[in-house]
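Visitor: Sequence first, then the predicted structure, then my questions.
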Amino acid sequence: MINEHLSSNTIELLSGGGLSPAQLLTATSHLATCVECRQKASERADVPGRTQQLHTDLQPLSTEISHPDYEQLEGYLDDSLSFTDRESLKRHLDSCAACLKEVHELEALRDNLRTYPVLAGSTATLKKERESFWQRTSSFLRLRAPQFALLAVAVTLIAVIAVLLFKRPTTPLVTNKNSEPPNSNEANQNSQVAGVNPNANGDQPTPDGSGNSAVAAPYQSLIQQAMDAQKVNTSSAIRDLIGKESKLLGSSEEQDRFALVSPVGTVIRSARPTFRWQSLPGASSYSVAILDSQLNVVEQGSPTGKANWTPLQPLKRNVVYIWQVTALKDGREVIAPAAPAREARFKILSAGKAATLAPVTTELAGSHLKLGIVYANEGLLDDAEQELRAAIAAGEDPALARKLLQSVKQMRR
């Protein structure tokens, strides 16, 4: 920072354009922070006279294009122009790169001035002096003379450096060199809270002292039994889901048949399941009806053109539901399921059972085969089939997985 004021000779050379680039940079750096020298420079600069002289000198070089003056550019930035004038100026800026550059430089210059600290004296007076000086300087700079363009660049550079110096943190960051590495026990505890098994490798010992998961321990004998028998026994959870002959049978005509896909004959986890069915050629819309075991309508879906639908409100858990789809074709209704198909029944897993299965699902996430067996035992047949197909695709004892998958499909019949 320059502490001494500029000499009269320096100010005179500055006004006459006689300073070298290095001297000019030093002088403008001081003017940016010194109100007194800035006032002296503005008094000697004779900005209006020099501006008029430059206009006269550059007049022969002017073209037929009319460029906006400083007041118009300032009004554009301040949003004080009329709608017509603003739109006209905007169109000019779209086609004039030089004027657009001036707008950006003027905007940057005004933003930089806001970062200068207020010196001693009246705030209002200083603000007025600053605006007066920079307004005349900006008007002078826009005449595109190379030496004044350099001045604008120098002032902008100084302002940026000043901002960086003001905002630089004064308190150094302190690193604790005595910090200890994280405790492995805490990491394991955090993993368990997040639902992650720290002993994901099946060969790792678990809290029950064996190679098996402590959480999934109640299912281990069931899993082993199914693997030895190469089939999954029929689950008691789906006995009420094996549909009886439908009392709401649709058309028996072959050309008007379409099948329900899911959920059918299974327990599901979501209380807002997506119902899916086959498309019926020629059908213009479908509507889904959900009924309880007494054939009372629980929810009636709005007509849809898609072959799937999801209820807006969740259904009750641990309740057996029946559902059907009515298709509208050629002005008549076609209902599925149709004879001799059974009722499409499903049940939503109870909240208690869902809470029990959640950690088991996490523990067995590395084995599609074992997880498929657990799902099948709980009546989650759609999920069981999905896991067993994944086991086949992953090469996890595919021969056994195929046999288990076939036994799960038999459970629906």
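Guide: Alright, I've got the coordinates.
Visitor: which stretches of this structure have low pLDDT?
Guide: Across the chain, the ranges flagged by pLDDT under 70 are 1-3, 16-17, 44-65, 111-157, 159-215, 243-255.
Visitor: Kindly report the domain assignment for the chain.
Guide: As given by automatic domain parsing, the domain ranges for the chain are 8-57+65-167, 241-348.
Visitor: The shortest one: end-to-end distance?
Guide: By that I understand domain 241-348. 11 Å (CA to CA, to the nearest Å).
Visitor: Likewise for stretch 322-341?
Guide: End-to-end distance for stretch 322-341, by CA to CA: 13 Å.
Visitor: ok, now stretch 323-338?
Guide: Counting by CA to CA, you get 12 Å between the two ends of stretch 323-338.
Visitor: Just want the phi and psi numbers for Thr266.
Guide: Main-chain dihedrals, Thr266, degrees, to the nearest 10: phi -150, psi 160.
Visitor: what sits against it?
Guide: Applying CB atoms under 8 Å, 6 or more residues apart in numbering, we find Thr266 in contact with 238, 241, 346-347, 379-382, 412. The way it works is simple: take the backbone N, C-alpha and C, and place the C-beta from them, glycine included.
Visitor: now do 10 Å
Guide: Listed by CB atoms under 10 Å, 6 or more residues apart in numbering, the contact partners of Thr266 are 237-238, 241, 273, 345-347, 375, 379-385, 408, 411-412.
Visitor: So which of those residues are in strands?
Guide: The strands, defined by DSSP state E, take in 345-347 from the contacts of Thr266.
Visitor: Looking at these, which is nearest Ser221?
Guide: Using CB to CB, Lys347 comes nearest to Ser221 of the ones in strands among the contacts of Thr266, at 25.1 Å.
Visitor: Pairing partners for the closest one in the sheet, please.
Guide: Beta-bridge partners for Lys347, by DSSP bridges, are Val267, Val320.
Visitor: give me every residue that touches it.
Guide: For Lys347, the contact set (CB under 10 Å, 6+ apart) comprises 237-238, 240-241, 263, 265-268, 315, 317-321, 379.
Visitor: Let's see that with 6 Å instead.
Guide: 241, 267, 320 (CB atoms under 6 Å, 6 or more residues apart in numbering).
Visitor: Tell me the spacing between the first one and Val267.
Guide: Taking CB to CB, to the nearest Å as the measure, Leu241 falls 7 Å from Val267.
Visitor: For Arg276, what is the enclosing helix or strand?
Guide: Here Arg276 sits within strand 275-277, counting by DSSP states H and E.
Visitor: Listing partners with orientation, what would you give for that strand?
Guide: strand 260-262 (antiparallel), strand 308-309 (antiparallel).
Visitor: Name the surrounding residues that touch that strand.
Guide: For strand 275-277, contacts defined as CB under 6 Å, 6+ apart pick out 260-262, 288, 307-309, 325.
Visitor: got it, and stretch 225-241?
Guide: 265, 267, 320, 345, 347, 373, 376-379, 403-404, 407-408, 411.
Visitor: One more: stretch 306-313?
Guide: Stretch 306-313 is contacted from outside by 272, 274-277, 279, 288, 299, 301, using CB under 6 Å, 6+ apart.
Visitor: In a markdown table, list those residues along with distance to Pro337 and neighbour count.
Guide: Formatted as a markdown table, those follow (distance: CB to CB, whole Å; neighbours: other CB atoms under 10 Å):
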| residue | distance to Pro337 | neighbour count |
| --- | --- | --- |
| Arg272 | 22 | 11 |
| Thr274 | 18 | 12 |
| Phe275 | 13 | 23 |
| Arg276 | 14 | 16 |
| Trp277 | 10 | 24 |
| Ser279 | 15 | 12 |
| Val288 | 13 | 21 |
| Glu299 | 18 | 14 |
| Gly301 | 17 | 18 |
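Visitor: any idea how far the nearest residue to Leu357 once chain neighbours are set aside lies from Ile238?
Guide: Of all residues not flanking Leu357 in the chain, Glu378 sits nearest, at 6.6 Å (CB to CB, 6 or more residues apart in numbering). Glu378 is 9 Å from Ile238, where distance means CB to CB.
Visitor: and what of Ser66?
Guide: Here the criterion is CB to CB. By it, Ser66 lies 86 Å from Ile238.
Visitor: neighbour count winner among those two?
Guide: Counted by other CB atoms under 10 Å, Ser66 and Ile238 do not tie: Ile238 has more neighbours, with 21 against 8.
Visitor: Give me the nearest residue to Val288, chain neighbours excluded.
Guide: Counting by CB to CB, 6+ apart, the residue nearest Val288 is Gly301, at 4.0 Å.
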